[in-house]
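Peer 1: Take this sequence and fold it.
(one chain, ligands or ions: 4)
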Amino acid sequence: MYTVKELFPTLQGEGAHAGRAAIFCRFAGCNLWSGREEDRASAICQFCDTDFVGSDGIGGGKFDNAALLADAIEASWASTSAGPQQRYVVFTGGEPLLQLDSLLIEALHAKQFSIAIETNGTIKVPKGVDWVCVSPKAGSNLIVLQADEIKLVIPQLGHDSIERLLARFEGMDYRNRFLQAMDGPQLKENMALAVSLCQKRPLWRLSVQTHKVIGIR
Ligand SMILES: C[S@@+](CC[C@H](N)C(=O)[O-])C[C@H]1O[C@@H](n2cnc3c(N)ncnc32)[C@H](O)[C@@H]1O
Ligand SMILES: Nc1nc2[nH]cc(C(=O)O)c2c(=O)[nH]1
Ligand code: SF4
Ligand SMILES: [Mg+2]
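Peer 2: Ligands and ions are numbered 1, 2, ... in the order given. So this is what the prediction gives:
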């Protein structure tokens, strides 16, 4: 059984694949926050911009098996009139690795989908995922030490220690490195910090949450 908060066609808004047509499958639940506002201040991850509780969003629901969820993802792709080429699904959440498993990966590969994940990097990635974006969270135990993409939301630590953190990630096996300004009341300041860090440390590129800028989901 898979619990999906929402399932919708859109464009990937962030990172190396920004602008690419994708189905977003947002799984319910996360291991770093309950999703309840009253727990936010005591959570390991406190800045989340997403509602991932329950299965009541657009296209959400409980799917009894991998075949049923893969069919729903395929139907969502077809709903945009896209043909069978370039099929792409992004699993996010919440934390998708609490639910994504080899049965679902196989069912989607059988339908010629490329599979991407957005993960906090605390859970082992199953075989067969085609694109891994890891977004480490301060205070969590990062175990995904190799990925296609790292997308670090800043600031999560004092400004001095951000540069030490960047230096550490520069020495690791991430093929694309992005900084993303933390959304919220300080977005403007955070964006200025991200821009200046990208200028100072050109191994990093800026990831703008383009879907928010243009008003799509
Ligand atoms: C909602 S998370 C879900 C996937 C996974 N749990 C993770 O944290 O990577 C999706 C992406 O949004 C980023 N994100 C969450 N809250 C944000 C915020 N307030 N500002 C900018 N990015 C944020 C996360 O770091 C992650 O890259
Ligand atoms: N369009 C769009 N792109 C995204 N990239 C990462 C997202 C996420 O919440 O994981 C996201 C999202 O929610 N919408
Ligand atoms: S780890 Fe991801 S889904 Fe979980 S609370 Fe943090 S940003 Fe949100
Ligand atoms: Mg999002």
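Peer 1: now the residue in the chain sticking out farthest from the centre, what's its secondary structure?
Peer 2: Distance from the C-alpha centroid of the chain, by Cα atoms, centre = their mean, peaks at residue 160 (26.2 Å). Look at residue 160: counting by DSSP: H, G, I helix; E, B strand; the rest coil, its state is helix.
Peer 1: and it, how far is that from residue 60?
Peer 2: 42 Å (Cβ to Cβ, to the nearest Å). Quick note: C-beta positions are derived from backbone N, CA and C, even for glycine.
Peer 1: go on, residue 179?
Peer 2: Separation of residue 179 from residue 60 (Cβ to Cβ): 31 Å.
Peer 1: Low-confidence ranges, the chain, go.
Peer 2: Low-confidence segments of the chain (pLDDT under 70): 158-159.
Peer 1: Show me which residues of it are close to ligand 1?
Peer 2: 30, 47-50, 92-93, 95, 118-120, 135, 151, 153, 180, 182-184 (Cβ under 6 Å from any ligand atom).
Peer 1: Please indicate which of those are buried?
Peer 2: 30, 47-48, 92-93, 95, 118-120, 135, 151, 153, 180, 182 (16 or more other Cβ atoms under 10 Å).
Peer 1: What helix or strand is residue 194 located in?
Peer 2: Assigned by DSSP states H and E, residue 194 belongs to helix 187-200.
Peer 1: which secondary structure elements does the helix or strand that that helix is followed by contact?
Peer 2: Counting by DSSP H and E, the next helix or strand C-terminal to helix 187-200 is strand 205-206. Where contact means 3 or more Cβ pairs under 8 Å, 6 or more residues apart in numbering; DSSP states H and E, strand 205-206 is packed against strand 177-181, helix 187-200.
Peer 1: who touches strand 205-206?
Peer 2: 176-180, 194-195, 198 (Cβ atoms under 8 Å, 6 or more residues apart in numbering).
Peer 1: Kindly report the same for stretch 130-149.
Peer 2: 14-17, 32, 44-45, 114-125, 150-153, 156-157, 169, 172-178, 180.
Peer 1: among those, which are in helices?
Peer 2: residue 169 (DSSP state H).
Peer 1: can you map out the strands along this protein?
Peer 2: Assigned by DSSP state E, the chain shows strands spanning 2-11, 21-27, 61-63, 88-92, 114-119, 131-134, 146-147, 149-154, 173-174, 177-181, 205-206.
Peer 1: Throw these into TSV and include distance to residue 78, thanks.
Peer 2: Converted to TSV, the strands of the chain look like this (distance: least, Cβ to Cβ, whole Å):
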stretch	distance to residue 78
strand 2-11	9
strand 21-27	10
strand 61-63	17
strand 88-92	13
strand 114-119	16
strand 131-134	22
strand 146-147	30
strand 149-154	28
strand 173-174	34
strand 177-181	31
strand 205-206	33
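Peer 1: If anything else comes up later, I'll come back, but that's it for now.
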